[in-house]
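S.K.: coordinates only, sequence not included:
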């Protein structure tokens, strides 16, 4: 039982490049979320999903897309990276009250 | 929208008791959660309060007053390993994926 896995662990992008952050969970959770965390800050919700085929926006959705074609996977796409998107990205899956977080992806946009 | 307020820093000594407060404003409220995050790590779940009152889990307890839009996390018998950031988070609907976090309280435990 791996829990929530994220790849890659580290990534450096140039401004304007696109990429997909991968997230997978093996706990059969319906709920999944993406957060970003900037230094000394809390976690801000980017997008979330309440089940396969259903996604919704969180607090800071601009510049990011998500899809949920299966229960297990919830990838986050950066369409055209900007320096303001330099952050640590956490994916989480939830059994209603308790969220399980992945180890995070540290993204730098230059 | 939602907003949560918690102190940015708290310092305490080993063996002491510390309380971290959280006040919230939200258009809908389903429950209040607490998470712990060590430097460089992922947040981990500590507790959840859906109803008023105290929930106890070992050395940690969490309290909620829905009428006051207020909750707290109580840490007893502090240990050095409790030095971490603590976040309160509001579940504003019965959609478990939508959790809104406060800015976090950095707890430093001194010997």
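M.R.: Received the coordinates, thanks. Values in this document were obtained by computation on a predicted structure and should not be read as measured data. Residues are numbered from 1 along each chain as shown, chains lettered A, B, ... in the order given.

S.K.: Near chain A, which residues of chain B? Just list them.
M.R.: Counting by CB under 8 Å from any CB of the partner chain, the residues of chain B lying close to chain A are B:31, B:33, B:35, B:41-45, B:48, B:50, B:87, B:91, B:95-104. Every residue, glycine included, has its C-beta placed from N, CA and C.

S.K.: Quick check: strands, which of those residues are part of them?
M.R.: For those, the ones inside strands are B:31, B:33, B:35, B:44-45, B:48, B:87, B:91, B:99-101, with DSSP state E as the criterion.

S.K.: Give me the PyMOL select line for those, limited to the buried ones.
M.R.: Only the buried entries of those go into this PyMOL selection, using 16 or more other CB atoms under 10 Å in any protein chain shown:
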select buried, chain B and resi 31+33+35+45+48+87+91+99+100+101
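
S.K.: Same list (the ones in strands among the residues of chain B next to chain A) but as TSV, adding pLDDT.
M.R.: Formatted as TSV, those follow (pLDDT from 0 to 100):
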residue	pLDDT
B:31	92
B:33	95
B:35	97
B:44	96
B:45	95
B:48	94
B:87	97
B:91	87
B:99	89
B:100	90
B:101	93
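
S.K.: centroid residue for chain A?
M.R.: Within chain A, the residue whose C-alpha comes closest to the C-alpha centroid is residue A:34; the distance, by CA atoms, centre = their mean, is 3.4 Å.

S.K.: Could you pull out the helices in chain A for me?
M.R.: Defined through DSSP state H, the helices belonging to chain A form an empty list.

S.K.: Tell me how many other residues crowd the residue in chain A that chain B sits nearest to.
M.R.: When distances are taken as CB to the nearest CB, chain A reaches nearest to chain B at residue A:31, 3.4 Å away. One way to gauge burial is a neighbour count; for residue A:31, by other CB atoms under 10 Å in any protein chain shown, it gives 21.

S.K.: Roughly how far does it sit from residue B:22?
M.R.: 22 Å (CB to CB, to the nearest Å).

S.K.: Same question for residue B:44.
M.R.: Here the distance between residue B:44 and residue B:22 works out to 17 Å (CB to CB).
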